[in-house]
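Participant: The amino acid sequence is not available; the structure is as follows:
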């Protein structure tokens, strides 16, 4: 069944819903799934709804409608998105919700099929239709019945994220510098969901960063599908170095953290900037996916183990106390025991401070889905376990080496039911994906506040986490 696309004029022409007696046009709950880049999209949509008089509530029990921003990246993410949609549709069927609106990557990728399987969904907004969230909600809240439920305009240059309602704690935020991806990695469907690579102009990124700093954000986490490719589409060459030089000048921000580095377009000037910056942390997330040349070629990564080792050595040599994170895949079609031997040797040799592993997930409409020699799921999982066993030794060695040192900790939250204990992170831990630091021994009469940055002595380790005492 081919569903029509809602035109901008059809959506925008809806009459305005009447305000309630307290001046609120409608109450909504939100479910945001997926990566930090998706979270930025959520915050932008919520900001627009807030500006137009809609009020976000903490529970769907008091909401008129719910917005579900979905992820469609891998099997487990899609299953989570489907589960959230079905849960909200059940509440709608029970009369506890008026409308269910699905946005994001799954809405972009599945389009009509998702609506055909779940016709109770009231509206679907693709990745590039997020600016129309208010128009779509206005129409639904007004009770206008239209057959068109899918809003999916063509990919456009990155939309402004200046209008946002923070979902993260006030002291840190994600800053998206580009959208989409020009890489054609054979396992990845992101280009099909988020389109080609489009960079925000440097001036726009700087303006958004300053707004974040002025709002109280102390740590800005730079995200994109391909950070090192930033600017290639706008300026004819990568301009990440120039962008970081300008970001490093923003005095209202304390920490700038870098995520999603592709191992290309990293030149000496960029490394010098990273090594000498005041606010850019010596922390780089560089998803490498594999270390076997055979696998890298089948994945169309345009790198080799030797080239990866060369750039890692250069970064380690020139950036003091550099902390590296990477992500790997096991069980890719055609992977052999020799390939996994090479990967384990690479992990043991490179000693990444942080490392995550995924087992390969078959993605429809990607070249890898057609590759022969599929690896059985149980074999992929066993290889996952093997890589993580190697990494655990590396990580624990690094964690234990920090005991007795003094590091600055940014406070994220109090530890529930533990008076005087707080949860924080050092420069070595990115929000939500790395370990945490338990700060204990805090005077209950002089408690810390979320967003405080304090010097602590690392006194112990607890698995992948640390225990620290304030100086």
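Facilitator: Arrived safely. Predicted model, so just to flag it, every value in this text is computed and none were measured.

Participant: Okay, domains of the protein per the record?
Facilitator: Listed domain ranges for the chain are 8-151, 172-400, 406-470 (source: automatic domain parsing).

Participant: can I get those in a markdown table with distance to residue 160, mean pLDDT and mean neighbour count?
Facilitator: Any C-beta I mention is one placed from the backbone N, CA and C, and that applies to glycine too. As requested, those are arranged in a markdown table below (distance: least, Cβ to Cβ, whole Å; pLDDT from 0 to 100; neighbours: other Cβ atoms under 10 Å):
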| stretch | distance to residue 160 | mean pLDDT | mean neighbour count |
| --- | --- | --- | --- |
| domain 8-151 | 8 | 83 | 19 |
| domain 172-400 | 7 | 95 | 18 |
| domain 406-470 | 23 | 93 | 17 |
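
Participant: closest one to residue 164 among these?
Facilitator: Closest of those to residue 164 is domain 8-151, at 4.1 Å (criterion: Cβ to Cβ).

Participant: before we move on, back to that, need the domains of the chain in a markdown table (columns: distance to residue 161).
Facilitator: What follows is the domains of the chain, written out as a markdown table (distance: least, Cβ to Cβ, whole Å):
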| stretch | distance to residue 161 |
| --- | --- |
| domain 8-151 | 5 |
| domain 172-400 | 6 |
| domain 406-470 | 17 |
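
Participant: For residue 162, which of those domains is the nearest?
Facilitator: domain 172-400 (5.5 Å).

Participant: now the closest one, how far from the chain's geometric center?
Facilitator: Distance of domain 172-400 from the chain centroid (Cα atoms, centre = their mean, to the nearest Å) equals 12 Å.

Participant: Span of it from start to end?
Facilitator: 27 Å (Cα to Cα, to the nearest Å).

Participant: What of stretch 116-132?
Facilitator: Stretch 116-132 end-to-end distance (Cα to Cα) = 22 Å.

Participant: Residue 67 - that's part of a strand, no?
Facilitator: Yes - with DSSP: H, G, I helix; E, B strand; the rest coil as the criterion, residue 67 is part of a strand.

Participant: partners of it in the sheet?
Facilitator: Using DSSP bridges, the bridge partners assigned to residue 67 are residue 30, residue 101.

Participant: which ones are touching it?
Facilitator: Residues near residue 67 by Cβ atoms under 8 Å, 6 or more residues apart in numbering: 28, 29, 30, 31, 42, 45, 46, 49, 101, 103, 133.

Participant: sec struct for the last one, please.
Facilitator: When you say that, I think you mean residue 133. Of the three states, residue 133 takes helix under three-state DSSP.

Participant: got it, and residue 383?
Facilitator: Three-state assignment for residue 383 (three-state DSSP): helix.

Participant: excluding its backbone neighbours, what's nearest it?
Facilitator: residue 330 (4.0 Å; Cβ to Cβ, 6 or more residues apart in numbering).

Participant: measure that neighbour to residue 212 for me?
Facilitator: Look at residue 330 and residue 212: by Cβ to Cβ, to the nearest Å, they are 37 Å apart.

Participant: Cheers, nothing more for now.
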